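1. sequence first, then the predicted structure:
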Amino acid sequence: MPIKMKELPISERPYEKLEMYGAHTLSNAELLAIIIKNGTKEESSVTLAQKILSLGKNENCTQDNLTFLQELSIEEFMKIKGIGKVKAIQLKATCELAKRISKPIENIKTKIKTPQDIVNLLMDELKNEKREVVKVIILNSHNIILKIQTISQGGTNSVQVDTKDILMEAVRSGAPKIIMVHNHPSGETNPSKADIEFTQKLQKATKVFGIELLDHIIIGYNEYTSIKSYLLEQELKKR
């Protein structure tokens, strides 16, 4: 027979453990168990949480990578016996809150000195995206961010975007500089032929409007590539 929550020592019950020792001491399953709140006659809330976490194995996730939870639908949560509609909705809402918390606020007045500054702003938001997302960073003459604009969202392997879409907001704002950013859902950041060709096309278009394209940055999973630096390296290799 499964051990009931009340049969556990107080120090091992998720609620009491969090109160006594802090949230950081709880396992992923224990944290989820607090959200689930109640188990069933057959299984504790911790056991139900472990079943939810096991769904991540189908996504080839590591034990600490919980991003797959954000992609689960209410119906998928409800496939687990003991997770009804109310609990599924609570779990979905919690996942959405976590996603929004990790999303950086568009930090106006941030000065961009290196590609890493852009990556620090957008990595958490883009590294787990399942679709390609294109953003343009609009800056003033001192490289201070005026606006971060999402231009387009596509599929898992590509996104449709036009140079005019990227330039429109910069022209409207009278901004002299921009940085283009997009993600690779695969996690790898090697620029494709299409990435390079689009960057070169955008470079030519920006000059027509007197706008400087500082860089085009590709974000993967905890890594990135500056196409400006990549092209420079390729040019040096040819010499």
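-> Done, it's in.
2. which residues touch stretch 140-150?
-> With Cβ atoms under 8 Å, 6 or more residues apart in numbering as the test, stretch 140-150 has contacts from 106-113, 121-122, 133-139, 169, 173, 175-177, 214. To be clear about C-beta, it is placed using only N, CA and C from the backbone, and glycine gets the same treatment.
3. go again with 7 Å.
-> The contact list for stretch 140-150 (Cβ atoms under 7 Å, 6 or more residues apart in numbering) reads 106-112, 133, 135-139, 169, 173, 175-177.
4. mind checking which of the residues you listed are buried?
-> T110, I112, V133, K135, V136, I137, I138, L139, E169, A175, P176, K177 (16 or more other Cβ atoms under 10 Å).
5. angles on the backbone of the fifth one, please.
-> When quoted as degrees, to the nearest 10, the phi and psi of V136 stand at phi -130, psi 130.
6. before we move on, back to that, closest to S45 out of the buried ones among the contacts of stretch 140-150?
-> V133 (35.3 Å; Cβ to Cβ).
7. just the ones of the buried ones among the contacts of stretch 140-150 in helices?
-> If you go by DSSP state H, these have E169 in helices.
8. tell me the buried residues in the helix or strand hosting S152?
-> Per DSSP states H and E: S152 is located in strand 145-153. For strand 145-153, a neighbour-count test (16+ other Cβ under 10 Å) marks I145, L146, I148, Q149, I151, S152 as buried.
9. how about those residues in a markdown table, adding pLDDT and distance to E30?
-> Below are the buried residues of strand 145-153 laid out as a markdown table (pLDDT from 0 to 100; distance: Cβ to Cβ, whole Å):
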| residue | pLDDT | distance to E30 |
| --- | --- | --- |
| I145 | 92 | 39 |
| L146 | 89 | 44 |
| I148 | 89 | 36 |
| Q149 | 88 | 40 |
| I151 | 87 | 41 |
| S152 | 80 | 40 |
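10. how close does the closest residue to K113 other than its chain neighbours sit to E12?
-> Nearest non-adjacent residue to K113, counting by Cβ to Cβ, 6 or more residues apart in numbering: N143, 7.0 Å away. Going from N143 to E12 by Cβ to Cβ, to the nearest Å gives 53 Å.
11. the more surrounded of those two?
-> N143 (16 against 13; other Cβ atoms under 10 Å).
12. for that one, what are phi and psi?
-> Per degrees, to the nearest 10, the backbone of N143 is at phi 60, psi 30.
13. I'd like the distance between it and M168.
-> 21 Å.
14. now do the contacts for I218.
-> H182, H184, T189, P191, D195, Y224, T225, I227.
15. re the thing from before, the strand holding S152: partners in the sheet, and parallel or antiparallel?
-> strand 133-139 (antiparallel) (DSSP bridges).
16. pull the longest helix from this structure.
-> Max-length helix for the chain by DSSP H is helix 85-102.
17. which outside residues touch that helix?
-> Contacts of helix 85-102 (Cβ under 7 Å, 6+ apart): I35, I36, L69, Q70, I74, F77, M78, D124.
18. read off the pLDDT value for the closest residue to the first one other than its chain neighbours.
-> Closest residue in space to I35, ignoring its immediate chain neighbours: T94 at 5.4 Å, by Cβ to Cβ, 6+ apart. On pLDDT, T94 comes in at 91.
19. just send the contacts of I218 back as TSV, with distance to S44 too.
-> Below are these laid out as TSV (distance: Cβ to Cβ, whole Å):
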residue	distance to S44
H182	44
H184	40
T189	42
P191	49
D195	49
Y224	42
T225	46
I227	51
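20. inside strands: which ones of those?
-> Among the contacts of I218, the members found in strands (DSSP state E) are H182, Y224, T225.
21. next, format these as a markdown table and append pLDDT, neighbour count and distance to N28.
-> Formatted as a markdown table, these follow (pLDDT from 0 to 100; neighbours: other Cβ atoms under 10 Å; distance: Cβ to Cβ, whole Å):
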| residue | pLDDT | neighbour count | distance to N28 |
| --- | --- | --- | --- |
| H182 | 95 | 22 | 31 |
| Y224 | 96 | 21 | 27 |
| T225 | 96 | 19 | 31 |
